[in-house]
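Visitor: how would this look folded up:
(chains A and B)
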Amino acid sequence: MFDWPTFLFSLPLLGKALLITLQTSLLGNAIGFVIGTLIASMQLAKMPLLRRLGGSYIFIFRGVPLLVQLLVIYYLAPMFGLPNLPPMVAAIMALSLCSGAYIAEILRGGLLAIPSGQREAAHLLGMSRPAILLRVELPQAVQSTLPSLVNELVLLIKSSALVSVVGLADLTRVAQNLASSDYLFFQHYLVLAGIYCLINIPLTMFGRRLERHLERSLA
Amino acid sequence: MTFDLSIITANADAIWNAFLVTIYTWLAGSVLGLIAGLLIAALMLFGGRPLQRLLRVFIELVRGTPFLVILFLVYYGGPSFGLRLGAITAGVVCIAGYSSVYFAEIFRSGFAAVPRGQLEAGECLGLGRLQLMWRVQLPQMLVLILPSIINMLTILCKETAVLSIITVPELTAVLTGIGTRTFTFIETLLVLCIAYLLLIEITSRAGRWLERRVGTYLQR
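Guide: Numbering: from 1, shown residues only, chains lettered A, B, ... in the order given. Okay, here's the model as predicted:
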């Protein structure tokens, strides 16, 4: 049923692929965080145009499936005369653009929860608007939304399986190649699912602990 | 670079059929997922400890696995167990299975939100467990969990795009297929994005309308 030699043979390959998966999703998450911060602060800005722009960004990137976003980036870049994007770049771009929209929604909630007195106090101390955002508001927003941010990271690691479509040799792609070379589809995909679970379940549990910790510290 | 929508009108029939496949896999999968999710939540409430543990493990495993990998397991791995499904059926089954655990979690939180006093009052009136669930808990919690359910429905609508990878002839597969055959990526991908945006927007608007309708008693 379960072919152990094949499994042991596939481990080093999967290990290398795991690094690619982690690299794309972590980088995607990091860049997505920057985009998310930007979009969230745009949405909370006073200028209606900025609010509109932030809102449209979230509407589009949350309304279109990630797979379609990937295809758009991968196929359309050459159509506009841009050089063919390497799969890694296209993958990280799509993941960060998409997670940016979700992170923006999370951070917006966190930013809204901060009492306006703090902003006024920082303003009176002579801090500039960006400095207030980065040094007063963002740290608190991140702290209060950390469980949701961890949850978003789990979702992103799962979504990163889709980057196999643009030819990046991530976990899913390598398992696919292995399966199609020896027809042990079920075994390879079971191992694949196992690896994803080994990353995601501890992360989910960590997120839940954070949440409980946060609830206790607020209570 | 040219922009010519005639490629869309020329393939209108194929695209319409693909749209119907998207809707079918999405809604059939979601309805089955809702039923399975309710079942799982009820079993977790009323089942014994061992069953609870087992379901917990099942939920965590499904939640830790990407949807694409579940699709591969069922569609490509299934035949080793004699489970031979057509692409569309496999898609519906996977959407149902994948969403059932999320729906179960939503239902569980809903059950927990109905005050205990009401259950005790119902018990005193001689209602059975099933009756309590069906007549007291379910109607009230449905109002509370409606936003989460609508949110999950929009997520599932987007997941149907992934079905294109196992050759389900839905919107993403058909439109990118036309794109690669005729080199009209701009038109086809634009229509594809608009189709999903429309579906998601209609769903969330319908959800908000429904929330207002069923939630009137919650407002003061």
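
Visitor: ok, the spatially most central residue of chain B - contacts?
Guide: In chain B, the C-alpha nearest the mean C-alpha coordinate belongs to B:Ser30, at 3.6 Å (Cα atoms, centre = their mean). B:Ser30 makes contact with B:95-96, B:99, B:152-153, B:156 under the criterion Cβ atoms under 8 Å, 6 or more residues apart in numbering or on different chains. Just so you know, the C-beta spots here come from the backbone N, C-alpha and C atoms, and that holds for glycine as well.

Visitor: same check on A:Gln118?
Guide: A:136-137.

Visitor: could I get the average pLDDT for the strand or helix carrying it?
Guide: Per DSSP states H and E: A:Gln118 is located in helix A:116-124. Mean per-residue pLDDT for helix A:116-124: 90.

Visitor: what of stretch A:128-145?
Guide: The average of the pLDDT scores along stretch A:128-145 is 88.

Visitor: for it, C-alpha coordinates in PDB please.
Guide: Provided in PDB are the C-alpha atoms of stretch A:128-145 (Å, rounded to 0.1, in the frame of the first residue of the first chain):
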ATOM      1  CA  SER A 128       4.600  63.600  11.700                       C
ATOM      2  CA  ARG A 129       1.600  61.700  10.300                       C
ATOM      3  CA  PRO A 130       3.800  58.800   9.000                       C
ATOM      4  CA  ALA A 131       5.700  58.600  12.200                       C
ATOM      5  CA  ILE A 132       2.400  58.400  14.200                       C
ATOM      6  CA  LEU A 133       1.200  55.600  11.900                       C
ATOM      7  CA  LEU A 134       4.500  53.600  12.100                       C
ATOM      8  CA  ARG A 135       5.500  54.200  15.700                       C
ATOM      9  CA  VAL A 136       2.200  54.700  17.600                       C
ATOM     10  CA  GLU A 137      -0.600  53.100  15.700                       C
ATOM     11  CA  LEU A 138       0.800  50.200  13.800                       C
ATOM     12  CA  PRO A 139       2.500  48.400  16.700                       C
ATOM     13  CA  GLN A 140      -0.700  48.500  18.700                       C
ATOM     14  CA  ALA A 141      -2.800  47.400  15.700                       C
ATOM     15  CA  VAL A 142      -0.500  44.500  15.000                       C
ATOM     16  CA  GLN A 143      -0.600  43.400  18.600                       C
ATOM     17  CA  SER A 144      -4.400  43.400  18.800                       C
ATOM     18  CA  THR A 145      -4.800  41.700  15.500                       C
END
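
Visitor: what comes up buried for that stretch?
Guide: For stretch A:128-145, burial by neighbour count (16 or more other Cβ atoms under 10 Å in any protein chain shown) applies to A:132-133, A:136-138, A:141-142, A:144-145.

Visitor: how distant is that stretch from the center of its chain?
Guide: 20 Å (Cα atoms, centre = their mean, to the nearest Å).

Visitor: on that earlier part again, for the helix holding A:Gln118, buried residues please.
Guide: The neighbour-count check on helix A:116-124 (16+ other Cβ under 10 Å) flags A:119, A:122 as buried.

Visitor: what's the answer for stretch A:106-116, then?
Guide: A:106-108, A:110-111.

Visitor: swap in stretch B:35-46?
Guide: For stretch B:35-46, the neighbour count (16+ other Cβ under 10 Å) marks B:36-38, B:40-42, B:44 as buried.

Visitor: show me what from chain B comes close to chain A.
Guide: B:1, B:60-61, B:63-70, B:72-73, B:76-81, B:158-162, B:164-165, B:172, B:176, B:179, B:185-186, B:189, B:192-193, B:196-197, B:200-201 (Cβ under 8 Å from any Cβ of the partner chain).

Visitor: just the buried members of those?
Guide: For the residues of chain B next to chain A, buried by 16+ other Cβ under 10 Å: B:60-61, B:63-70, B:72-73, B:76-78, B:158-162, B:164-165, B:172, B:176, B:179, B:185-186, B:189, B:192-193, B:196, B:200.

Visitor: now for the nearest residue to A:Ile31 once chain neighbours are set aside, how many residues are close by?
Guide: Spatially, and ignoring its direct neighbours in sequence, A:Ile31 is nearest to A:Ser96 (3.6 Å; Cβ to Cβ, 6 or more residues apart in numbering or on different chains). By other Cβ atoms under 10 Å in any protein chain shown, the residues close to A:Ser96 number 23.

Visitor: contact partners for A:Ser96?
Guide: A:Ser96 touches A:27-32, A:35, counting by Cβ under 8 Å, 6+ apart.

Visitor: counting contacts, what elements does the biggest helix by length in chain A pack onto?
Guide: Assignment by DSSP state H gives helix A:4-43 as the longest helix of chain A. Applying 3 or more Cβ pairs under 8 Å, 6 or more residues apart in numbering or on different chains; DSSP states H and E, one finds that helix A:4-43 contacts helix A:48-63, helix A:87-112, helix A:138-159, helix A:171-182, helix A:185-218.

Visitor: A:Met127 in helix, strand or coil?
Guide: Under DSSP: H, G, I helix; E, B strand; the rest coil, A:Met127 falls in the coil class.

Visitor: after the longest helix belonging to chain B, next one along is what?
Guide: The longest helix of chain B (DSSP H) is helix B:12-46. Once the chain leaves helix B:12-46, the next helix or strand it forms, by DSSP H and E, is helix B:49-64.

Visitor: can you pull the contacts of the residue nearest to A:Ala94 when sequence neighbours are not counted?
Guide: Leaving aside its sequence neighbours, A:Ala94 sits nearest to A:Leu70 (Cβ to Cβ, 6+ apart; 4.4 Å). The contact partners of A:Leu70, by Cβ under 8 Å, 6+ apart, come to A:90-91, A:94, A:162-163, A:165-166.

Visitor: change it to 10 Å
Guide: Counting by Cβ atoms under 10 Å, 6 or more residues apart in numbering or on different chains, A:Leu70 touches A:87, A:90-91, A:93-95, A:97-98, A:159, A:162-163, A:165-166, A:168, B:161.

Visitor: before we move on, back to that, quick one: which of the buried ones among the residues of chain B next to chain A sit in helices?
Guide: Using DSSP H, the subset of those located in helices is B:60-61, B:63-64, B:67-70, B:72-73, B:158-159, B:172, B:176, B:179, B:185-186, B:189, B:192-193, B:196, B:200.

Visitor: closest one of the buried residues of stretch A:106-116 to B:Ile145?
Guide: A:Ile106 (20.4 Å; Cβ to Cβ).

Visitor: what's the closest non-adjacent residue to that closest one?
Guide: A:Ile106 sits nearest to A:Ser148 (Cβ to Cβ, 6+ apart), 4.6 Å away.

Visitor: my read: the one you found touches A:Arg108, true?
Guide: No. Look at A:Ser148 against A:Arg108 with Cβ atoms under 10 Å: they stay out of range, at 11.2 Å.

Visitor: any low-confidence regions in chain B?
Guide: Applying pLDDT under 70 to chain B flags the ranges B:1-2, B:217-220.

Visitor: 90 instead, please
Guide: B:1-14, B:42-49, B:77-86, B:108-120, B:122-123, B:126-145, B:147, B:167, B:179-188, B:210-220 (pLDDT under 90).
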